[in-house]
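*Asks:* 3D model of this:
(chains A and B)
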Amino acid sequence: MTVFKAFLKVLNKNKAIVIMYTVILIFFAGFNMKTNDNNTTFTASKPDILIVCEDEITGITKNLIEYISKNSNIKEIENDEEKRNDALFYRDVNYIVYIPNDFRKQFLNHQNPEIKIKSTKDYQASLANMMLERFLNVANTYLAFDLAEEEMLNAINETLEQEVNVEVTSKLDTDSLTKVSSYYNFTNYCILAGAIYIICLILSSFKKESVLKRTTISSMEYQKYNRILLLSNSLFAFAMWFFYVLLSYILFKESMWTLHGAFYILNSFVFSFFALTLAFFLGNIISDKNALNGIINVIALGSSFLCGAFVPLEWLPKTVLNIAHILPSYYFIKSNEVLKTVEVFDFASLKPIYLNMMILLLFALAFIIASMIITNKKRKLA
Amino acid sequence: MKMKIMNYHYKKEKGEKMKNCIEVKNLVKEYKEIRAIDDLTFEVKEGEILGLLGPNGSGKSTTINCILSLLKFSQGSIKIFGEKMDVNAYEIKRNIGVVFQDVSVFEELNVYDNIDYFCGLYIKDKQLRKTYIEDALHLVGLENYKKFYPKQLSGGLLRRLNIACGIAHKPKLIFLDEPTVAVDPQSRNNILDGIEKLRRFGATIVYTTHYMEEVEILCDRVIILDKGHIIASGTCDELKHLANIEEKVTVEGIELSQKTLSKIKEFKNIEEVNYEENILFITYKKGKNNLSELMDFLKEKKVTYNKIFSERPTLNDVFLELTGKELRD
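*Replies:* The predicted structure is shown next:
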């Protein structure tokens, strides 16, 4: 209790730094959320098409023009090729369709008339191209049946009017989960930086050589003393974790009251435990308070950049990802990324997440053992 | 029922044989090829104050660190309260208090909380601890500074806090490693008074210092160390006999002719005579009436002077006699 009480008093004495640091990290988290606000809703868009028709507007030619008109914005430009080119250049139109003279006649005679096009080669132009190709494919298919023209045109129209109903079977709220995932990815930095800074700061008081000497010669068992210190620090680390979890409930409300939310929390809990052991290890080897900022930059900021806390993992180059594999943050962030795509919560889907948690726990175990070795070595000066 | 424990420990009954509190046998500590402690053997009796005296690098702190198991030693054995001392001897540690040379306190805790923390490493009972803390505050005279933080204390007060943190749990054996270094005279006197009180309460104290006067005032027995060896040990009086001089006489503001100076040099029992800048220093090997003889002689020769005084040999003279160098070299 004595050690824990002193821990709380030292923490209380440093409360200004703790609050300041937390506020800064929340500010960064908010900023990151704002910049990573990926909009995944879609609206239909129609390409701007200019039709230059040299044929008589009847039969299949009429059908083609009507089909294009229905699915695009028809533009009208003066009958001047230079002006048409200008319109393409300035993106007033995305696509120009040249229907040649005798198109209908040649089509009915199976002469495969050539339709010339000009395009801006952007996605709108691709859409127009797909539209034209679809019409010609359907028309060529019915032409092969040797039907009467009227009958063929009706069949083409009917086919083209059919719309495929796409039913989205996924019930995932991808938009919200992406935001939650992005938030928890950023907590990688917040938890690491917060834990390392505050725990090292507090431990530097307890591990000051003269204080440590006095503790070592006291009748309190040294292992017990270190255990109490670790537990006291864990209280802080988990309070910090709880704070970020609470914040996620405020920010994402419904998304957090789901199994996804529960797993995000579990994953961040495991990561916080790892961050605690890392901070405890660093606290045992670092006695200079001034060195803390540098260490946080290297460890927290460095691993956050390399492991995709700020930038989505899929945007990172392969070499960076290869390096990231040796860093614990990677497994935390990877789990968050996997989580947002999980639909069925069975063992098979969650296996990679469990595996990543195991890896994090192994890292934590390694740091606990390393801390024990160091504290035992420090116990004897020589 | 609440019991207030004011005395630190009960003194031994008269006639009861003093036990050894610390037994150090053939202690050797080597740093690669350097022998910091070379075959050290000594005991500290219960209730005594043992002074460890020696220049820097003589092995005082290394000896204490070895006794406290803060350092591994190469050879030898250490027993405290009759039990083998090692790093896990928590029962022994329960009765040991240490005041290090460096101030070992938390900057973030106030005076009361600092003492509470270090006392709490030994004493679990909250009520008893409270009493002990008050006693420690009283002992070092910090009652009015309970809420002060270390940064707000002067060097002397900080040293007093350092002592309070080391002895608040009322240990039977206390190690004081140069507790008065860089302390103002008032705080120094306060610290020495506190140590005297601890002695009166029956604590055994191992005291290391540079200051011979402190050793002479406080210590029952002194061990003089040099280069990891014990070069002399005993009471202050016993040690002073080793200096091989009886007394030192200084005469200030005196004008002497060469002839008179030669006459003085012919006095019996004289070891050394120095005359510089109207100050005469005479060292006598033995003799009881050296000062009066000198005064009679100067009166006879009608030599005037401002001040004359005699001094007994100091521990520094002992060290000088035994090693050929000053203690603070």
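
*Asks:* Could you use CA atoms for every contact and neighbour count after this?
*Replies:* Noted.

*Asks:* mind listing the helices for the stretch 51-200 of chain B?
*Replies:* For the stretch 51-200 of chain B, the helices defined by DSSP state H, counting those that start in this stretch occupy B:60-67, B:90-93, B:111-120, B:126-140, B:155-167, B:185-200.

*Asks:* pretty sure A:Met152 is touching A:Thr141, no?
*Replies:* No - A:Met152 lies out of contact with A:Thr141 (Cα atoms under 8 Å); the separation is 9.7 Å.

*Asks:* between these two, who's got more neighbours?
*Replies:* A:Met152 (20 against 13; other Cα atoms under 10 Å in any protein chain shown).

*Asks:* Where does B:Lys288 fall, secondary structure wise?
*Replies:* Using DSSP states H and E, B:Lys288 sits in no helix or strand.

*Asks:* which residues touch the nearest residue to B:Glu48 once chain neighbours are set aside?
*Replies:* Counting by Cα to Cα, 6 or more residues apart in numbering or on different chains, B:Thr204 is the residue found nearest to B:Glu48 once chain neighbours are left out, at 5.2 Å. Remark: with contacts taken as Cα atoms under 8 Å, 6 or more residues apart in numbering or on different chains, B:Thr204 is in contact with B:Cys21, B:Val44, B:Lys45, B:Glu46, B:Gly47, B:Glu48, B:Ile49, B:Lys172, B:Leu173, B:Ile174.

*Asks:* repeat for A:Tyr264
*Replies:* Listed by Cα under 8 Å, 6+ apart, the contact partners of A:Tyr264 are A:Ser181, A:Tyr184, A:Asn336, A:Leu339.

*Asks:* What separation do you get for the residue nearest the centre of chain A and A:Lys179?
*Replies:* Nearest to the geometric centre of chain A sits A:Pro312, at 4.5 Å (Cα atoms, centre = their mean). Using Cα to Cα, to the nearest Å, we find A:Pro312 at a distance of 12 Å from A:Lys179.

*Asks:* Over to A:His260?
*Replies:* Taking Cα to Cα, one finds A:His260 at 12 Å from A:Lys179.

*Asks:* List the residue ranges of the chain that fall below the pLDDT cut-off.
*Replies:* As the question left the chain open, I've gone with chain A. For chain A, applying pLDDT under 70 flags the ranges A:30, A:32-44, A:164-172, A:379-382.

*Asks:* should've been chain B
*Replies:* Residues of chain B that meet the cut-off, pLDDT under 70, sit at B:1-18, B:325-329.

*Asks:* Try it again at 50.
*Replies:* Regions of chain B meeting the criterion pLDDT under 50 cover residues B:1-15, B:329.

*Asks:* Contact partners for the residue of the stretch 201-329 of chain B found nearest chain A?
*Replies:* Closest to chain A within the stretch 201-329 of chain B is B:Val206: 15.4 Å, counting by Cα to the nearest Cα. For B:Val206, the contacting residues are B:Val44, B:Ile49, B:Leu50, B:Gly51, B:Leu52, B:Leu173, B:Ile174, B:Phe175, B:Leu176, by Cα under 8 Å, 6+ apart.

*Asks:* Can you tell me which of those are buried?
*Replies:* Buried members of the contacts of B:Val206, counted by 16 or more other Cα atoms under 10 Å in any protein chain shown: B:Val44, B:Ile49, B:Leu50, B:Gly51, B:Leu52, B:Leu173, B:Ile174, B:Phe175, B:Leu176.

*Asks:* can I get those residues in JSON lines with distance to A:Met240?
*Replies:* Formatted as JSON lines, these follow (distance: Cα to Cα, whole Å):
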{"residue": "B:Val44", "distance to A:Met240": "52"}
{"residue": "B:Ile49", "distance to A:Met240": "51"}
{"residue": "B:Leu50", "distance to A:Met240": "52"}
{"residue": "B:Gly51", "distance to A:Met240": "52"}
{"residue": "B:Leu52", "distance to A:Met240": "51"}
{"residue": "B:Leu173", "distance to A:Met240": "44"}
{"residue": "B:Ile174", "distance to A:Met240": "42"}
{"residue": "B:Phe175", "distance to A:Met240": "42"}
{"residue": "B:Leu176", "distance to A:Met240": "42"}
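
*Asks:* Which two of those have the greatest separation?
*Replies:* Across these, no pair lies farther apart than B:Leu52 and B:Leu173, at 14.9 Å, counting by Cα to Cα.

*Asks:* which residues touch A:Lys334?
*Replies:* A:Leu313, A:Asn356.

*Asks:* domains in the chain, as residue ranges please.
*Replies:* Went with chain A since none was named. Residue ranges for each domain of chain A read A:2-39+A:176-379, A:48-161, as given by automatic domain parsing.

*Asks:* Sorry, I should have been clearer: chain B.
*Replies:* Split by automatic domain parsing, chain B gives B:20-241, B:244-312.

*Asks:* Comparing those domains, which comes out most buried?
*Replies:* The highest average neighbour count among these, using mean count of other Cα atoms under 10 Å in any protein chain shown, belongs to domain B:20-241 at a mean of 20.

*Asks:* residues from chain A in reach of chain B?
*Replies:* Residues of chain A lying close to chain B by Cα under 8 Å from any Cα of the partner chain are A:2-3, A:6, A:9-10, A:13, A:205-206, A:210-211, A:213-221, A:379-382.

*Asks:* give me that answer again for 10 Å
*Replies:* Neighbours of chain B within chain A, by Cα under 10 Å from any Cα of the partner chain: A:1-7, A:9-14, A:202, A:205-206, A:208-222, A:225, A:378-382.

*Asks:* show me what contacts B:Glu271?
*Replies:* B:Asn244, B:Ile245, B:Glu246, B:Glu247, B:Lys248, B:Lys265, B:Ile282, B:Thr283, B:Tyr284, B:Lys285, B:Lys286 (Cα atoms under 10 Å, 6 or more residues apart in numbering or on different chains).

*Asks:* Tell me the one among the residues you listed nearest to B:Arg94.
*Replies:* B:Asn244 (43.4 Å).

*Asks:* Kindly provide the distance from the nearest residue to the closest one once chain neighbours are set aside to A:Ile26.
*Replies:* Take B:Asn244 and drop its neighbours on the chain: the residue closest to it by Cα to Cα, 6+ apart is B:Lys285, 6.3 Å away. When distance is defined by Cα to Cα, B:Lys285 is 81 Å away from A:Ile26.
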